[in-house]
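Peer 1: Sharing a model that was predicted from the sequence below.
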Amino acid sequence: MIDTLKMKVAELVGHRLVDGLFLLLVASGLALYFVDKHLGHGLVVGAAIIAILCALLGKPIHFLTRDRVAYIWPLALFLFVLSLGMGFLVHGTESDLRRLHEAFEICLIGGFLFFLFSSRPPVFEGFLPWLLALGAGITGVIMLLAWEKVGFSRRMWQGTRMINISAGTQILLVGALLGFLIGQKLSWKSWVLVLAIALGSVSIFASGSRGAWLGLVAVVGVSGFLLVLRLRMSWKVTVPFVLVLTLGLLALLQTPQVQQRIAHGQSDMHQYFSGGKRTTSLGLRLEMWRSAWDGFIENPLTGMGAASLGERWQGIEHDYHLVSFSPHVHNDFLEAAHSRGLLGLVSVSLILFTPIYFGWRYRKRVYGKVLVTACSGFLLVGLFDTFLVMKFALFYYVVLVSVLLGLLYGDSERFKPSPVAQAGD
């Protein structure tokens, strides 16, 4: 009897250690992703291989969740890959094949992570925000050190292996940290998250990307709204809170960098709609959107393929003021509709809105707040850029959302909405 009990305890401890090690590798990969995206990718893939080996050695993954609605996320991943597969079958270009191959690998890993974490209670998930905070902090420090050398740049790179900080991918990281900060009980440890959020925000601001700036404003606004809901603030507290945020935004608008970008945007907009120059930064983006929409209307079922913009319209008479080459149309929805038709548009809509839906549905819980905060900012940035086309941005988004959703579903009590939440929904 004692020997049997010892074996059970050893088995339980072993399983918990394996689960903890697995989550540690995944979280470390997400944290180090902004320092070296190849290293981050390797850690996550390595963790997935370990999990597969554990499943084959008798620790099965249950591909059933406690709520059929939870299958919307795996379905979204499947439809995303299916749309790319249909695009390759119809158009058959090298770009379509490359994107299909990349998305298949990424969505397979994401789906596996989701089912793994949703099939058992979460283990040692408490260190997840601290590892993500480490990643945000490292990136912010690198940006501060490079500021004097590089200065203000719209496309900030640190070496050849660091992800483009102007990409909205880091909005996910900062938004996740804000969600964790709001969802947990405030303590001295919270100042670590505050510092990491500040450093990550510096990186986003230094990128000069107007879309990322809007995403950062959205993340702060959503997190502030969730904080008001959580604390049930009275108007005497809410009004000063909103006033402080507004004053902070107004102070940010007075910085030379922001004023410069606003002035350029106003000038570009005036030139575009006055019938003048359309090849400015904003003008080219509007032309890309116009051409993408026309391409979708012309081929609503199959789209025009994933070739570059210049190739899409070769041999076709048009009045688009486009450059000869562009890898995407700077809008995830229009890119999907243009390149893969209606199925592509539906798949991208599902993959972007599903985590926001579940985050709001379970907003009483920490991971619900994290999902709705981070993904709302990323969704807004996706209206001005095409991150789901980029392999490493798609990888980070799918992995992070899959882990967070899996942890949200990993505990039966955590998964069931509270009566208050149900009444609110």
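Peer 2: Yes, it's here. Quick caveat, the model's predicted, so the values are computed rather than measured. Numbering: from 1, shown residues only.
Peer 1: can you pull out the helices in the stretch 51-200 of the chain?
Peer 2: 72-91, 94-118, 128-150, 169-183, 190-207 (DSSP state H, counting those that start in this stretch).
Peer 1: a markdown table please, covering those helices and showing distance to residue 221 and mean pLDDT.
Peer 2: Heads up, the C-betas are built off the backbone N, CA and C, glycines and all. Output for the helices of the stretch 51-200 of the chain, formatted as a markdown table (distance: least, Cβ to Cβ, whole Å; pLDDT from 0 to 100):
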| stretch | distance to residue 221 | mean pLDDT |
| --- | --- | --- |
| helix 72-91 | 25 | 91 |
| helix 94-118 | 28 | 87 |
| helix 128-150 | 19 | 79 |
| helix 169-183 | 10 | 88 |
| helix 190-207 | 14 | 82 |
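Peer 1: can you tell which of those is closest to residue 384?
Peer 2: Closest to residue 384 of these is helix 169-183 (Cβ to Cβ; 11.6 Å).
Peer 1: What residues of the closest one count as buried?
Peer 2: Buried residues in helix 169-183, counted by 16 or more other Cβ atoms under 10 Å: 169-183.
Peer 1: same check, this time on stretch 196-205
Peer 2: Across stretch 196-205, burial judged by 16+ other Cβ under 10 Å covers 196, 197, 199, 200, 201, 202, 203, 204, 205.
Peer 1: doesn't residue 133 make contact with the first one?
Peer 2: Yes. Counting by Cβ atoms under 8 Å, residue 196 does reach residue 133; the two are 3.6 Å apart.
Peer 1: shared neighbours, these two?
Peer 2: Residues within reach of residue 196 and of residue 133 at once, by Cβ atoms under 8 Å, 6 or more residues apart in numbering, are residue 177.
Peer 1: now residue 133: how far from residue 72?
Peer 2: Noted for residue 133: a distance of 30 Å to residue 72, by Cβ to Cβ, to the nearest Å.
Peer 1: who has more neighbours, these two?
Peer 2: Just comparing residue 133 and residue 72: by other Cβ atoms under 10 Å the higher neighbour count belongs to residue 133, 25 against 17.
Peer 1: tell me the secondary structure for residue 330?
Peer 2: coil (DSSP: H, G, I helix; E, B strand; the rest coil).
Peer 1: What residues does it make contact with?
Peer 2: The neighbours of residue 330, taking Cβ under 8 Å, 6+ apart as the test, are 285, 288, 289, 384, 385, 386.
Peer 1: Same check on residue 183?
Peer 2: By Cβ under 8 Å, 6+ apart, the residues touching residue 183 are 230, 365, 366, 367, 368, 369, 370.
Peer 1: Got a ChimeraX select line for the buried ones in those residues?
Peer 2: ChimeraX command restricting these to the buried ones, with burial defined by 16+ other Cβ under 10 Å:
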select :365,366,367,368,369,370
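Peer 1: Alpha carbons of stretch 168-185, as PDB, please.
Peer 2: The C-alpha trace of stretch 168-185 is given here as PDB (Å, rounded to 0.1, in the frame of the first residue of the first chain):
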ATOM      1  CA  GLY A 168       2.400  45.500 -33.800                       C
ATOM      2  CA  THR A 169       3.400  42.100 -32.500                       C
ATOM      3  CA  GLN A 170       4.800  43.700 -29.300                       C
ATOM      4  CA  ILE A 171       1.400  45.300 -28.700                       C
ATOM      5  CA  LEU A 172       0.400  41.700 -27.700                       C
ATOM      6  CA  LEU A 173       3.200  41.600 -25.200                       C
ATOM      7  CA  VAL A 174       2.500  44.900 -23.600                       C
ATOM      8  CA  GLY A 175      -1.200  44.300 -23.700                       C
ATOM      9  CA  ALA A 176      -0.800  40.900 -22.000                       C
ATOM     10  CA  LEU A 177       1.300  42.500 -19.200                       C
ATOM     11  CA  LEU A 178      -1.400  45.100 -18.700                       C
ATOM     12  CA  GLY A 179      -4.000  42.400 -18.500                       C
ATOM     13  CA  PHE A 180      -2.000  40.500 -15.900                       C
ATOM     14  CA  LEU A 181      -1.400  43.700 -13.900                       C
ATOM     15  CA  ILE A 182      -5.200  44.500 -13.800                       C
ATOM     16  CA  GLY A 183      -6.200  40.900 -13.100                       C
ATOM     17  CA  GLN A 184      -4.000  40.200 -10.100                       C
ATOM     18  CA  LYS A 185      -4.000  41.500  -6.600                       C
END
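Peer 1: what's the pLDDT at the spatially closest residue to residue 79 that is not a sequence neighbour?
Peer 2: Leaving aside its chain neighbours, residue 79 sits nearest to residue 347 (4.1 Å; criterion: Cβ to Cβ, 6 or more residues apart in numbering). On pLDDT, residue 347 comes in at 95.
Peer 1: So, low pLDDT: which residues of the stretch 301-425 of the chain?
Peer 2: Segments of the stretch 301-425 of the chain classed as low confidence (criterion: pLDDT under 70) are 307-327, 411-425.
Peer 1: mind listing the helices for the stretch 201-350 of the chain?
Peer 2: 210-231, 235-253, 256-273, 281-298, 309-312, 332-361.
Peer 1: ok, residue 172 touching residue 378?
Peer 2: Yes. Residue 172 lies in contact with residue 378 (Cβ under 8 Å); the separation is 5.3 Å.
Peer 1: residues shared between the contacts of these two?
Peer 2: Joint contacts of residue 172 and residue 378 (Cβ under 8 Å, 6+ apart) are residue 397.
Peer 1: So which of the contacts of residue 330 is the closest to residue 96?
Peer 2: Nearest to residue 96 out of the contacts of residue 330 is residue 386 (Cβ to Cβ; 15.2 Å).
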